[in-house]
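**Q** sequence isn't available, so here's the structure alone:
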């Protein structure tokens with residue numbers, strides 16, 4: 001097995017233990033999602049994707065195979081996306097988008113084009 005020296009993407013460093021990092025991020029995100037109501041659309045859709053990816057990353061040991069199954073870039077890109085999703089999930093817990101609006105939308109909010 002050869003050692004990956006570069007991602008060939010400016011600013012994106014190689015992560016030698018990307019599988020472990022992904023597993024950790026996916027588990028953290030699932031833990032955060034569990035704090036949301038089960039009927040939340042964000043929770044349902046994100047949970048489905050994260051569980052699917054966690055299963056792949058947990059069972060497959062070859063990074064190249066993981067990349068080809070998930071089809072979302074290199075392992076380092078998957079880590080970056082997982083970090084962003086985890087961060088968004090934390091924000092969603094604060095924003096609580098599943099709750100009803102406090103009032104009617106301002107006039108013109110949904111008009112398009114502006």
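**A** In hand now; what should we look at? Values in this document were obtained by computation on a predicted structure and should not be read as measured data. Residues are numbered from 1 along each chain as shown.

**Q** where does residue 76 land in three-state SS?
**A** helix (DSSP: H, G, I helix; E, B strand; the rest coil).

**Q** looks like it contacts residue 8 (just checking).
**A** No: under the criterion of C-beta atoms under 8 Å, residue 76 makes no contact with residue 8, lying 10.4 Å away. (C-beta placed from N, C-alpha, C; glycine too.)

**Q** who has more neighbours out of those two?
**A** residue 76 (20 against 7; other C-beta atoms under 10 Å).

**Q** OK, contacts around the more buried one?
**A** 7, 9, 12-15, 18 (C-beta atoms under 8 Å, 6 or more residues apart in numbering).

**Q** by neighbours, which of these wins?
**A** Per-residue neighbour counts (other C-beta under 10 Å) across those peak at residue 18, which has 21 neighbours.

**Q** now do the shared contacts for residue 76 and residue 8.
**A** Common neighbours of residue 76 and residue 8 (C-beta under 8 Å, 6+ apart) do not exist.

**Q** so which residues of the protein form helices?
**A** Listed in chain order, the helices of the chain (DSSP state H) span 18-33, 41-59, 63-70, 75-95.

**Q** among those, which is nearest residue 106?
**A** helix 75-95 (18.2 Å; C-beta to C-beta).

**Q** measure the closest residue to residue 63 other than its chain neighbours to residue 24 for me?
**A** Leaving aside its sequence neighbours, residue 63 sits nearest to residue 75 (C-beta to C-beta, 6 or more residues apart in numbering; 5.0 Å). To residue 24, residue 75 is 13 Å away according to C-beta to C-beta, to the nearest Å.
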